[in-house]
Every structure is written in C-alpha cells, then in structure tokens.
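Asks: compute the structure for the input listed below.
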Amino acid sequence: FDVYKAGFWNQGPVLLQTLNILEGVDLKAMGANSADYLHQVHEAIKLAYDDRNAYLGDPAFAQVPIAGLLSKPYAATRRALIGPKAFLEHRPGDPYAFDSSVKPPAQRYVPHSQGQKGSNTSGDTTCVDVVDKDGNLFSATPSSGWLLGGAFIAGETGVPLSNRMQVFDLDPLSPNVLAGGKRPRTTLTPTIILKDGKPFLAISTPGGDSQDQQILNVLLNLMDFDMDLQAAIEAPRINSDHPHSSFDSHESVPGQLEIESRVPTSIMDDLRARGHLLRV
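Replies: From the prediction side, this is the model:
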C-alpha cells in the first residue's frame, strides 16, 4: 500500500509516521481490538502526535524536518520507546538527527497549553470522497472552522471567513507561531491509498485532531485484518486525547484514550492495568 496525504504543513505526516512506527509490529498476530493491539496503536499515535505539535508548521516560515519525521530509521527509534506500560507524558523525539537538510534551532519548542480555555461550538467540517468510472480518486475535507457560533461573511459574496487562525501557537519558539502571511497548521487530512500502484481507496473524515486517528482505525482494519470496507468502518474504534489540541488554548489530556463501550470489559481492564486512562 502507498498512502498519500495533502499538504505537509498540516497534520498530514501524522498518519504516515504512525504507520511507519507500527510497520515493525505484528498487529495481525495480536488480533483486532485486542489489548496488545490497542496498546501498541495508542502508544504509536501518542508518539506521532507529540512530534506533530513540536515540529510541524508552514515550511515557508519554519524549518520542518519532514525527511527525518518520515524516515524508517527514525520510526524505529520511536517504536523502541513503546514498552509494556503506557507513558503519560509528552515525548517528542529528535527528527533532526535523521534529516541532514534541516538545521535544528538553537532552542527547541516544547508544546504546551496556552491561555484559558474558551467556548467552542462544533459542527462544520465534512468530507467528500469520490471515484469515477475510470478509477480516478478524489478526497477532500472542506472546513472553515466553525460556522454555528457565528461567522464573518466577506461582503456580499456569501463566503464565510475561516477562524483557523486559532490553530496558531503564540509561543515564539513554535514552528506554528502566528505570523503575517503564514498558513496555520491544519487538521484537514484527505487521503488517497494505492495498492500495488493502482487506485485503491479515497478516505477522509471530519473530527479535528481525531481525523488521522479515525482514518488509521479504518486503514489498519483493511490492511492488517483484511476486513471489507463496511466492516472496517463499523468496527469499534479508539481516539487519543493525548495530543495538544490544535484549537483554542491547545490543552491536552496526556495518556487518555477514548474507547467505545462495545470493546469487551476485560480488554478495558487490561488497558487500565497497563496505565491507559480510559474515557468510555
């Protein structure tokens, strides 16, 4: 399988990095939604998102070590951090050591929450995935921020102005720090999958920081467990609250795993024993 993501200033590399980390783990032998499987997947998600928050920003303004973040040797160093117990702190790595084209900054940015949490009205993002009769794939994730809480309209055009600037950081060390003319890192991650070099799947989803996580849930069901597409979508899913939120004050709940109640209680108890903080 080959996975293609849109825009490397956004969240796009997160799914690719997570897949690289999991590439060295025999997930199929563990079994779909087993405790071993969910533990490995959650730890990989946390590691990839910790790197997202530390290193991704508009490459026209920031030196982003993309080659390092997406290298297989770097993924191996991240994979080696996954132990029998869940980690409950943020652990960004050092991709600069695997990317000679980018000079590391004199002082590294450490992701953190910023300011007091404000109000948030959800309900906006959607997704469009299309395949035509010739097998061409199209994937898009239209989103302007949030319309339901009130939006500014550009004159009489009917075009709502985005509030995605809330995704910027205000810490000057951040590669995603607010600057004029700069694109904020976004959570929008339309995805195209090829299998043996041929069009296989167009996939995307709403959901902010959970977008790549939900795509990951489905792709692993397809790739590792050979589920058909409907079963892969309908199977129980997980979602990590560990990453610093892209929105508002950039808060996080380190180590917290959202998990569906359809997952057996015995599996949940096993995950709790490994240190995962479950939100059912």
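Asks: how far away is the closest residue to Ser261 other than its chain neighbours from Gly158?
Replies: Leaving aside its chain neighbours, Ser261 sits nearest to Val280 (5.4 Å; criterion: Cβ to Cβ, 6 or more residues apart in numbering). Where you see a C-beta, it was placed from the backbone N, CA and C, and this is true even at glycine. For Val280, the distance to Gly158 equals 42 Å [Cβ to Cβ, to the nearest Å].
Asks: more crowded one of those two?
Replies: More neighbours surround Val280 than the other of Val280 and Gly158, with 10 against 7 (other Cβ atoms under 10 Å).
Asks: can you check the pLDDT for the more buried one?
Replies: Note for Val280: predicted pLDDT of 98.
Asks: repeat that for Gly115.
Replies: 78.
Asks: and the one 10 residues further on, by the same measure?
Replies: Thr125 carries a pLDDT value of 86.
Asks: burial of it, as a residue count?
Replies: 19.
Asks: Ser143 now?
Replies: Other residues close to Ser143 by other Cβ under 10 Å number 19.
Asks: just for the stretch 101-250 of the chain, where's the confidence low?
Replies: 118-123, 145-151 (pLDDT under 70).
Asks: show me where it has strands.
Replies: Using DSSP state E, counting those that start in this stretch, the strands of the stretch 101-250 of the chain run over residues 128-131, 137-140, 191-195, 198-203, 238-240.
Asks: quickly compare those and say which is most buried.
Replies: Between these, strand 238-240 has the highest mean count of neighbours, a mean of 23, where neighbours are mean count of other Cβ atoms under 10 Å.
Asks: partners of it, with directions?
Replies: strand 256-259 (antiparallel) (DSSP bridges).
Asks: not counting the strand it pairs with itself, show me its contacts.
Replies: Strand 256-259 has contacts (Cβ atoms under 8 Å, 6 or more residues apart in numbering) with 38, 42, 236, 238-242, 268, 271, 276-280.
Asks: out of the residues you listed, which two sit at the greatest distance?
Replies: Pro236 and His242 (19.0 Å; Cβ to Cβ).
Asks: counting neighbours, go ahead and name the busier of these two.
Replies: Between Pro236 and His242, counting by other Cβ under 10 Å, His242 is the more crowded of the two (27 against 15).
Asks: burial of the closest residue in space to that one that isn't next to it in sequence, as a residue count?
Replies: Spatial nearest neighbour of His242, excluding adjacent residues (Cβ to Cβ, 6+ apart): Lys46 at 4.5 Å. Lys46 has 25 neighbours, counted by other Cβ under 10 Å.
Asks: in contact with Lys46: list those residues for me.
Replies: Phe87, Arg91, Ser240, His242, Pro243, Gly255.
Asks: out of those, the closest to Pro111 would be?
Replies: Pro243 (8.7 Å).
Asks: returning to what we had before: which element, helix or strand, includes the residue nearest to His242?
Replies: helix 35-55 (DSSP states H and E).
Asks: what pLDDT, on average, does that helix get?
Replies: 98.
Asks: buried residues in the helix or strand following that helix, which are they?
Replies: With elements assigned by DSSP H and E, the helix or strand that comes after helix 35-55 is helix 66-69. Judged by neighbour count (16 or more other Cβ atoms under 10 Å), helix 66-69 contains these buried residues: Ile66, Gly68, Leu69.
Asks: so what does helix 66-69 touch, helix or strand wise?
Replies: Helix 66-69 makes packing contacts with helix 13-22 when contacts are defined by 3 or more Cβ pairs under 8 Å, 6 or more residues apart in numbering; DSSP states H and E.
Asks: now do the helices in this structure.
Replies: Assigned by DSSP state H, the chain shows helices spanning 13-22, 27-30, 35-55, 66-69, 72-79, 211-223, 229-234, 265-273.
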